[in-house]
Structures are given as C-alpha cells and as structure tokens.
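Student: Pasting the sequence and the predicted model now:
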Amino acid sequence: MTLKRLATSFLIAALALAGLTHWRASAREAAAETAFPPTGQFVAVDGKRLHFEIAGQGPDLVLIHGASGSLRDLTFSLRDRLTDRFRVIAIDRPGLGHSDPLEDTSLAAQARHIKAGLAQLGVTEPVVLGQSYGGSVALAWALEGGPKALVLVGSPALPWPGKLDPWYRLTDTLPGRHLAIPLASAFVPQSYVASVTASIFAPDPVPAGYEDHIGAPLTLRRETLRVNTSQINALRAELVTMEPRYPSLTLPVELIHGTADTIVPLDIHSAPLSQLLPKATITIIPGAGHMPHHTHPDLVIAAILRAALR
C-alpha cells in the first residue's frame, strides 16, 4: 500500500509539473511573439514561410545569422551601415526567428530553402555574409552554387575535436528533447540568458541596447529550441562531408575571426580553412571574441566591400 501511494503521489506530481511547464512555456511563447513580432516580410517556399527584411539599394548582400538567434542580430547595427551601398536582405534561418521550420534541418536543406526564397525576390548571385553557424549555411550554399562571394564571420567550417557541451548532448536524447527543452522554455531566467549573451561576446562587452533588441525570448520557444539543438547536434557530421569539397570553391571568400573566440576557435576553423580555399583572404583580429560584426564592424564592412569588388 505504501509503494502504491508513493507511485500515485509521484504520478500526480509529475502530471502537475508537466501541466505547469506547458502552461508557463505557452505563456512565455505568447509574450515573446507579442514583444518581438515579425519586422519584415514573408516569402513561401513549398508552403513554408521564410521571414526576411530588405533595405537599401545596390548589389545584393544576404546576411545569415548564427545559432540561437535571428535576423535581429544582424539588424542591430551592421545592416544599417551597409544600405547606402547594397540591397541588404537579412533572413531568419528556417525554424528560427519567424521562419517556419523544415523537416530536414541540414545545412544543405537550409541553403536550398533560402536560395529558393530569395530567388523569388530576384536575388540570384549575392554576396553572402554568414556569422557563426550562418557561415556554415553559406558554405553549403556555395557548394551548391549561387553566391558570387562569401564573407564568413567566426564560422564553423571544419570538424572539431571533443564533444559539444552538456546541453547539446542532453538534447540529442529522447528525454532531453521531451523533458529538458520544455523545462528550459518554461523556467530559464533572464539572468541566465544575460550570462550566456555575455559569454558569447567575451572578452568583448555586450553593446548597449543589444539585449533589448535581440529578442532572446524568441529563441526560448520550445519548437525553436528543438530546431536549434537539432541543427547544432548535426553540424560536425555535416562538416566532415563538406570538408573534402572546399578546394572546389573558386569564388572569393573573406574570413574574419577573433583570436579570443572560444566558441568557434580560429585555429580549428578559419585558419585551416584559409589554406583549403583557392581564393580565401583571412582577417585575424587580435583579442576579439565571437561577435566581431558588433565589436569590430569596420573590419567586417571592409571585408564585405572587398568581397563585392573581388
């Protein structure tokens, strides 16, 4: 009888926690979408919406954001410094921001989806800037043809030694996907989000106003967390298959990387990649972290201009 009562109490507590988690996560998701609604337009590809912002005039420049983010990262300050020289199209990658998720979350599938969506806007041979994971998507796009030049900012390009951090390893399991992700969506505090943001920028400071602009609550939605973790967990294996094809890329590629980037280390990614690409130029920024498009924007803009001219 005691064991039966204990099991019953445990079941009631589990159901209560599940109910509370669902209610709280749903409320936070609704609040996030109210606070950070779509800021641009949509184009549909195979029934899936791709959210983008377009501004400026000139040659086409596509901006692709990294993991755990949205186009808001690239419209915080960088985009508006380019619209006098380019038609700038910032996109929400599939499953993040306000773009619909795809069943296939691979780099190649994302690249094809973005390419098809932007083709409807007359964008066919753009310069493509990818930051962090967005640079991996840009590389996948280039391997299938389309961009006339790439600008890769702190981007993963080659398989790395070791394992991902515990959060990603957890969310690569069935319990992680169905338990950890809803709990994180429901209960992660803003103080933790701020500390993660600071670690991404470190050793550089987070720019004033960035946290208010970026819309981090959008990233904490359950579906967005599932898509994001799925993409990151698959990344290394995808880069293994892409690496042998890099020498075939003959388009100009500008690599920008900080020496203090501990998230995507220079010596594992951009430095060796610069030796594999026939037309690569690398800009190494001493002491810079993972976000040089915010902390050293002049160097990034100079690379974009070189890519466009090359």
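Tutor: It's in.

Student: When you work out contacts or count neighbours from here on, use the C-alpha atoms and nothing else.
Tutor: Fine.

Student: Would you list the phi and psi of Leu143?
Tutor: Dihedral pair for Leu143: phi -70, psi -20, per degrees, to the nearest 10.

Student: Repeat that for Leu152.
Tutor: phi -110, psi 120.

Student: what pairs with it across the strands?
Tutor: Beta-bridge partners recorded for Leu152 (DSSP bridges): Gly130, Leu255.

Student: was I right about it contacting Tyr133?
Tutor: No - the criterion here is C-alpha atoms under 8 Å, and Leu152 misses it with Tyr133 at 9.6 Å.

Student: Show me which of these two is the more surrounded one.
Tutor: Leu152 (30 against 25; other C-alpha atoms under 10 Å).

Student: any idea which element Gly122 lies in?
Tutor: Assigned by DSSP states H and E, Gly122 belongs to neither a helix nor a strand.

Student: where's Tyr210 relative to Ala216, distance?
Tutor: According to C-alpha to C-alpha, to the nearest Å, Tyr210 and Ala216 sit 10 Å apart.

Student: which stretches of the stretch 1-150 of the chain have low pLDDT?
Tutor: For the stretch 1-150 of the chain, the stretches with pLDDT under 70 are 1, 3-18.

Student: let's go with 90 and repeat that
Tutor: 1-23, 146 (pLDDT under 90).

Student: Please, where are all the strands along it?
Tutor: With strands called from DSSP state E, counting those that start in this stretch, the stretch 1-150 of the chain shows them at 41-45, 48-55, 60-64, 87-91, 127-131, 149-153.

Student: and the fourth one with strand 60-64, angle?
Tutor: Going by axes from the mean of the first three to the mean of the last three C-alpha atoms, to 10 degrees, strand 87-91 is angled at 20 degrees with respect to strand 60-64.

Student: sorry, back to before: of all the strands of the stretch 1-150 of the chain, which one is nearest Tyr192?
Tutor: strand 127-131 (22.9 Å; C-alpha to C-alpha).

Student: Contacts for that closest one next, please.
Tutor: Here strand 127-131 makes contact (C-alpha atoms under 8 Å, 6 or more residues apart in numbering) with 60-66, 135-138, 147-155, 304, 307-308.

Student: Comparing Tyr210 and Ala216, which residue is more hemmed in?
Tutor: Using other C-alpha under 10 Å, the more surrounded residue of Tyr210 and Ala216 is Ala216, with 22 against 15.

Student: pretty sure the more buried one contacts Leu71?
Tutor: No - using C-alpha under 8 Å, Ala216 makes no contact with Leu71, being 11.6 Å away.

Student: most centrally placed residue in this protein?
Tutor: Gly66 (2.1 Å; C-alpha atoms, centre = their mean).

Student: who touches that residue in this structure?
Tutor: 130-135.

Student: now with 6 Å?
Tutor: When contacts are counted by C-alpha atoms under 6 Å, 6 or more residues apart in numbering, Gly66 touches 131-134.

Student: Make TSV from those and add distance to Val45 to it.
Tutor: Shown next, in TSV, are those (distance: C-alpha to C-alpha, whole Å):
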residue	distance to Val45
Gln131	23
Ser132	25
Tyr133	22
Gly134	19
